[in-house]
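*Asks:* Just need the structure, nothing else, for what follows:
(chains A and B)
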There are 2 protein chains.
Amino acid sequence: MADVFVDDERLAKFCTEVFVKLGVSRKDAQITSDVLVASDLRGIPSHGVARLMRYVKGIRDGIILPKVKPKIVKETSTTATVDARHGLGQPAGYFGMNLAIKKAKRSGVGFVAVRNSNHYGIAGYYSMMALKSNLIGISMTNSAPLAVPTFGRDMMIGTNPLSLVAPAGKERPYVLDMATTVVPRGKLEVLNRLGKPLPLGWAVDEQGVPTTDAARVLDNMAKASGGGVLPLGGTGEELRGYKGYGLSLLVDILSGVLSGADYGPWVKTTKKDGTKGFINVGHFFGAIRIENFIPLRRFKATMDEMMQGLKNSKKAKGATRIFIHGEKEFEKYDEYKRKGVPLQEKVVADLKNLSHELSVPYNIEK
Amino acid sequence: MADVFVDDERLAKFCTEVFVKLGVSRKDAQITSDVLVASDLRGIPSHGVARLMRYVKGIRDGIILPKVKPKIVKETSTTATVDARHGLGQPAGYFGMNLAIKKAKRSGVGFVAVRNSNHYGIAGYYSMMALKSNLIGISMTNSAPLAVPTFGRDMMIGTNPLSLVAPAGKERPYVLDMATTVVPRGKLEVLNRLGKPLPLGWAVDEQGVPTTDAARVLDNMAKASGGGVLPLGGTGEELRGYKGYGLSLLVDILSGVLSGADYGPWVKTTKKDGTKGFINVGHFFGAIRIENFIPLRRFKATMDEMMQGLKNSKKAKGATRIFIHGEKEFEKYDEYKRKGVPLQEKVVADLKNLSHELSVPYNIEK
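*Replies:* Residues are numbered from 1 along each chain as shown, chains lettered A, B, ... in the order given. Next comes the predicted model:
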């Protein structure tokens, strides 16, 4: 069960060759691989190369079209709607975010909604693209229905992550990148494998009642027989789960409704009329030019001051450190760049199988 | 302890006359009163006329300047920075949001940051101004430091509310308007008056440890001797309190840092150098034109469909209804328009005192 440490650059090259073999253009294959490996490097393996097999399966099953290019269907100097035409979510996200950045540089603000897309990996990859241009970056996406609304019992909304990033000066940028549920499904799977109970407030059973039984929740989720993960704030009203529920709708309105994608319970292959079809995921990207509001130097100096103030403030009893959002991930990135990216043995086995099947040399280990 | 029911229009007129007597222009007095009464009508008395005395005191103490007008200090077709010049927060918010709306109508998107402002009431009042023009509306503000960052023990951030609204067709609009903390201080005060324990996850004591002792937390907060309310998600990492902490920073970055206002622990009268000064609250407003992305009719039809799907989905055991954000407040509005706005006896006593002091006739009761 020991992790295998692999070189991030060779891992990205390996993934790129896999996608190219499946008919993806080299450029789109590179973008997609970069998003996956960036997630592993940032210490988020749930959205990293561990997902490669799902994308491969999606392409092979005809759910993800490898060769299509995103198309702008509506555009102004500040806004655009993009049709991803059922291609990979990563090149569509890259295209959409770059468009938002270009508009923000010229017009101060740029917002781009994308429809007919697929799972795009970590939301923070795209928002962070704005940092190179000293912009505030925004990225969000809807996703397969796994979460239960407050007072409900059926999976009606996705884990719908949202990300906002802002540059600092001497400090590292602020990078918020969060699911609007308490946890994604993957965290339930981890505790289930360890045979540990779920903390109360993570998930509900088939009757919509809070439970600590991970196996039961996962089984229900797989069968869509009721229950699922809870919005940030947990069950009911006591700790304000309706706020997380509201944030997940915010993400769905901007990513799903505004773009013309599917929303909530319909982000899946089974359509309203019972037929099978493409998954129609929606994304929403934004960029805001700081200097339209305040000198960049002053913004960055204040960000530094705010971050240092928080980090140097008094710690809770038993705590040793106060974090800024993104800090842990930047530290993981530095560590994994140096010593290699840890991959689970199961993931390595999948990569070796792909290596054989597609004749892509497996030479990624450190 | 029975509530007194008052007529909302006469209540607004009463507040308007109070502000006029204190030197506020009639127009600004009307705006401020409308924001306060709207909060009561929507069932949020903590931000309603119960706060009138604080604004009156602010003006009398010279902390809020009654006669100044907000000034645009930087402007493009999509963005603006506004200096509220230490006036009332409500006219500054009204001015800022209208500017964002005007820009969105012309340029698709409008964002306005406001500095040197004061408490502006409910965030949702301003975002909802966008609904008349069928725009998506955004409003947020930083606020006095009352919340403790994850793993911290000192009040370093505000309850920093954020609001986003979107129109629907036959359904009422989606109106998210939430503090990024689990609860505001007022909710602790309510339980304290009732002698009830706080739910664990609302607040921490002077050592940063979760506590159910409302009196202790409120006493600590008043003295700033450690402890305070928790970000959405509660303490530590188990239920992801760092997400609420991240959202409160998001609000502070856009409202405080981007506008050039104060941020976090400095949104108060005591400044970094120990001197006393104006409170420098920051707001952030946005408006997005839906038709730049998708036909308005289609957006509204999908919103209806999404909302109906959620409301009609299966309820959790023991639950009878699934809500959409804003629904409860719209229903309160209808109810209180009809039968009058309930005011606590203490609030009524304050209004009667003001009536005597300022010779403003008290004729508001139903």
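*Asks:* and the closest residue to residue A:355 other than its chain neighbours, what does it touch?
*Replies:* Closest residue in space to residue A:355, ignoring its immediate chain neighbours: residue A:362 at 3.8 Å, by CB to CB, 6 or more residues apart in numbering or on different chains. Using the backbone N, CA and C atoms, a C-beta is placed for each residue, glycine as well. If you count contacts by CB atoms under 8 Å, 6 or more residues apart in numbering or on different chains, residue A:362 has them with A:14, A:351, A:352, A:355.
*Asks:* Show me what counts as buried in the host helix or strand of the first one.
*Replies:* This points to residue A:14. According to DSSP states H and E, residue A:14 maps onto helix A:8-21. Residues of helix A:8-21 classed as buried: A:8, A:10-21 (neighbour count, 16 or more other CB atoms under 10 Å in any protein chain shown).
*Asks:* so how far is it from its chain's centroid?
*Replies:* 20 Å (CA atoms, centre = their mean, to the nearest Å).
*Asks:* Report all helices and strands that that helix contacts.
*Replies:* In terms of contacts (3 or more CB pairs under 8 Å, 6 or more residues apart in numbering or on different chains; DSSP states H and E), helix A:8-21 is packed against helix A:26-41, helix A:52-60, strand A:341-343, helix A:345-358.
*Asks:* could these go into CSV alongside mean neighbour count, distance to residue B:25 and mean pLDDT?
*Replies:* Output for the helices and strands packed on helix A:8-21, formatted as CSV (neighbours: other CB atoms under 10 Å in any protein chain shown; distance: least, CB to CB, whole Å; pLDDT from 0 to 100):
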stretch, mean neighbour count, distance to residue B:25, mean pLDDT
helix A:26-41, 22, 54, 98
helix A:52-60, 18, 61, 96
strand A:341-343, 22, 63, 96
helix A:345-358, 15, 66, 96
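*Asks:* tell me the secondary structure for the residue of the stretch 101-250 of chain A found nearest chain B?
*Replies:* Nearest to chain B, among the residues of the stretch 101-250 of chain A, is residue A:208, at 2.6 Å (CB to the nearest CB). The three-state label given to residue A:208 by DSSP: H, G, I helix; E, B strand; the rest coil is coil.
*Asks:* was I right about it contacting residue B:322?
*Replies:* No. Judged on CB atoms under 8 Å, residue A:208 makes no contact with residue B:322 at a distance of 10.1 Å.
*Asks:* what touches both of the two?
*Replies:* In contact with both residue A:208 and residue B:322: A:151, A:152, B:315, using CB under 8 Å, 6+ apart.
*Asks:* Out of the contacts of residue A:362, which is nearest to residue B:96?
*Replies:* Of all those, residue B:96 sits closest to residue A:14, with 51.1 Å by CB to CB.
*Asks:* That closest one against residue A:360, yeah?
*Replies:* Yes. The pair residue A:14 / residue A:360 is scored as a contact, 6.2 Å apart, by CB under 8 Å.
*Asks:* wait, what's in contact with residue A:77?
*Replies:* Contacts for residue A:77 were tallied using CB under 8 Å, 6+ apart; they are A:103, A:106, A:107, B:107, B:108.
*Asks:* Count the residues that sit near the last one.
*Replies:* Here the count is done by other CB atoms under 10 Å in any protein chain shown, and residue B:108 has 27 residues near it.
*Asks:* Equivalent analysis for residue A:363, please.
*Replies:* Residue A:363 has 11 nearby residues by other CB under 10 Å.
*Asks:* need the contact list for it.
*Replies:* Residue A:363 sits next to A:10, A:14 when contact means CB under 8 Å, 6+ apart.
*Asks:* any idea how far residue A:8 is from it?
*Replies:* From residue A:363 across to residue A:8, the span is 13 Å (CB to CB, to the nearest Å).
*Asks:* Residue A:304 too?
*Replies:* Between residue A:304 and residue A:8 the distance, using CB to CB, works out to 29 Å.
*Asks:* hang on, residue A:205 packs against residue A:211?
*Replies:* Yes. Under the criterion of CB under 8 Å, residue A:205 makes contact with residue A:211 at 4.3 Å.
*Asks:* Now list whatever residues contact both of those two.
*Replies:* Common contacts of residue A:205 and residue A:211 (CB under 8 Å, 6+ apart): A:217, A:227.
*Asks:* Helices of chain A, residue ranges please.
*Replies:* A:8-21, A:26-41, A:52-60, A:89-107, A:123-128, A:185-194, A:214-223, A:241-252, A:296-312, A:327-339, A:345-358 (DSSP state H).
*Asks:* and the angle for the last one with helix A:26-41?
*Replies:* To tie it back to what came earlier, the one meant is helix A:345-358. 160 degrees (axes from the mean of the first three to the mean of the last three CA atoms, to 10 degrees).
*Asks:* How far off centre is helix A:345-358?
*Replies:* In terms of CA atoms, centre = their mean, the centre of helix A:345-358 is set 24 Å apart from its chain centre.
*Asks:* what's in contact with that helix?
*Replies:* A:1-4, A:6, A:14, A:17-18, A:21-22, A:45, A:49-50, A:52-53, A:56, A:343, A:360-362, A:364.
*Asks:* follow-up on the earlier one: which non-adjacent residue is nearest the residue of the stretch 101-250 of chain A closest to chain B?
*Replies:* residue B:316 (2.6 Å).
*Asks:* can I assume residue A:170 is in contact with residue A:307?
*Replies:* No. Counting by CB under 8 Å, residue A:170 sits too far from residue A:307 to count as a contact (9.2 Å).
*Asks:* Compare the two (neighbour count), which wins?
*Replies:* More crowded of residue A:170 and residue A:307, by other CB under 10 Å: residue A:307, with 23 against 10.
*Asks:* got a list of what the more buried one touches?
*Replies:* By CB under 8 Å, 6+ apart, residue A:307 lies in contact with A:168, A:171, A:174, A:324.
*Asks:* what do you get for residue A:332?
*Replies:* A:41, A:42, A:43.
*Asks:* Poorly predicted segments of chain A, please.
*Replies:* Scanning chain A for pLDDT under 70 picks out the ranges A:1.
*Asks:* For it, list the residue farthest from the centre, please.
*Replies:* Distance from the centre of chain A peaks at residue A:317, with 32.9 Å (CA atoms, centre = their mean).
*Asks:* The closest residue to residue A:82 other than its chain neighbours: how many residues sit nearby?
*Replies:* Nearest residue to residue A:82 in three dimensions, chain neighbours excluded: residue A:114, at 4.5 Å (CB to CB, 6+ apart). Neighbour count for residue A:114, taken as other CB under 10 Å: 29.
*Asks:* One more: residue A:235?
*Replies:* By other CB under 10 Å, the residues close to residue A:235 number 23.
*Asks:* Having no further points to raise, I will conclude here.
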